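**Q** after the sequence you'll find the predicted model.
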Amino acid sequence: MIEAYGENVIAKKVEKEDEETTKSGLILVSDFDEDLPRAIIASKGPDVPEWVNIGDKIVFHGQFAATIESDGEEFVSLNYKTIYGREV
């Protein structure tokens, strides 16, 4: 597991539910809209506010996230200020 520092969170990427991946790896999307990426928070830094919790499923701005691979899983590292919201 990766530990987050400062104002950053580490989150496990979640596949969009309306996507289908072919055997060759192509992703087929059911309709053309630009959904924001989603992830589940796995770690948060000490300067992240209390309203951001481990286990939250978040919606974030993908351009400001760095992709990290750890133990064969794909995570993103991002500043908590780039989180648009969470699913409830």
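**A** It's in.
**Q** let's verify residue 12: helix, strand, or coil?
**A** strand (DSSP: H, G, I helix; E, B strand; the rest coil).
**Q** how about the contacts made by it?
**A** Contact analysis of residue 12 by C-beta atoms under 8 Å, 6 or more residues apart in numbering lists 39, 40, 42, 73, 74, 75. (Each C-beta comes from the backbone N, C-alpha and C, glycine too.)
**Q** centroid residue for this protein?
**A** residue 39 (2.9 Å; C-alpha atoms, centre = their mean).
**Q** I'd guess it is in a helix, am I close?
**A** No - applying three-state DSSP, one finds residue 39 to be strand, outside a helix.
**Q** give me every residue that touches it.
**A** 11, 12, 13, 14, 57, 58, 60, 75, 76.
**Q** who wins on neighbours among those residues?
**A** For those, the largest number of neighbours (other C-beta atoms under 10 Å) sits with residue 11, at 26 neighbours.
**Q** okay, and the beta partners of the nearest residue to it once chain neighbours are set aside?
**A** Leaving out its chain neighbours, the residue that sits closest to residue 11 by C-beta to C-beta, 6 or more residues apart in numbering is residue 39, at 3.5 Å. Beta-bridge pairing for residue 39 (DSSP bridges): residue 13, residue 58.
**Q** that older thread, dump the contacts of residue 39 to a markdown table, plus distance to residue 68 and pLDDT.
**A** Formatted as a markdown table, the contacts of residue 39 follow (distance: C-beta to C-beta, whole Å; pLDDT from 0 to 100):
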| residue | distance to residue 68 | pLDDT |
| --- | --- | --- |
| 11 | 10 | 96 |
| 12 | 10 | 94 |
| 13 | 10 | 89 |
| 14 | 15 | 86 |
| 57 | 18 | 93 |
| 58 | 16 | 93 |
| 60 | 14 | 91 |
| 75 | 5 | 94 |
| 76 | 7 | 94 |
